[in-house]
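Peer 1: Please find the sequence and the predicted model below.
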Amino acid sequence: QAQPVESGGGSVQAGGSLTLSCQGPLKIFASYAVGWFRQGPGLEREFVAAISWHSRNTLYGDSVKDRFVISRDNGKDTAYLQMNDLKPEDTAVYYCNAVKRNNYREYSPDFGGWGQGTQVTVSS
């Protein structure tokens, strides 16, 4: 399967906004819950947000709750992460991928592996 392709990253000042996009594998994307993860400099990859295949359920990491919004368009095989009120600690490479059905915080290899990610840099 083709790996996800993330886009939309960039450099913004604290308090700014960005919207990331994730193009998932065609034909299978709509069948899976999808999550966003991030890896900051010198840190391990961490869970950010996830959404069920039908969009009725969402889950957010504590550090982004009330600031980030995850959504998806199955017709376009694409997931989105709207990031508001960005903080310097949000600086990271952001990745998307399938997540486990019984634990949205954990990556699932259903999409064939990690993509290249997209860099988000927030300056103070």
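Peer 2: All right, it came through fine. Numbers count the residues shown, from 1 in each chain.
Peer 1: Please, where are all the strands along the chain?
Peer 2: Along the chain, the stretches classed as strands by DSSP state E are 5-7, 10-13, 18-23, 34-39, 46-51, 58-60, 68-73, 78-83, 92-100, 103-107, 118-123.
Peer 1: And the first one, how far out from the chain middle?
Peer 2: Yep, that's strand 5-7 we're talking about. Its chain's C-alpha centre lies 9 Å from the corresponding centre of strand 5-7 when counted by Cα atoms, centre = their mean, to the nearest Å.
Peer 1: and that strand, what's its mean pLDDT?
Peer 2: Regarding strand 5-7, the rounded mean pLDDT is 97.
Peer 1: what comes up buried for that strand?
Peer 2: Neighbour-count burial for strand 5-7 flags V5, E6, S7 (criterion: 16 or more other Cβ atoms under 10 Å). C-beta: built from backbone N, CA, C; applies to glycine.
Peer 1: One more: the second one?
Peer 2: Taking 16+ other Cβ under 10 Å as the neighbour-count basis, strand 10-13 is seen to contain the buried residues V12.
Peer 1: Same question for the last one.
Peer 2: Neighbour counts using 16+ other Cβ under 10 Å place T118, V120, V122 of strand 118-123 among the buried residues.
Peer 1: now the angle from it to strand 18-23?
Peer 2: 170 degrees (axes from the mean of the first three to the mean of the last three Cα atoms, to 10 degrees).
Peer 1: what angle sits between strand 118-123 and strand 34-39?
Peer 2: Angular relation of strand 118-123 and strand 34-39 on a 0 to 180 degree scale: 50 degrees, by the same axes, to 10 degrees.
Peer 1: In a markdown table: the buried residues of strand 118-123, plus distance to D73 and pLDDT.
Peer 2: Shown next, in a markdown table, are the buried residues of strand 118-123 (distance: Cβ to Cβ, whole Å; pLDDT from 0 to 100):
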| residue | distance to D73 | pLDDT |
| --- | --- | --- |
| T118 | 18 | 98 |
| V120 | 21 | 98 |
| V122 | 26 | 98 |
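Peer 1: thinking again about what came up before, among the buried residues of strand 5-7, pick out the one closest to T19, please.
Peer 2: S7 (9.9 Å; Cβ to Cβ).
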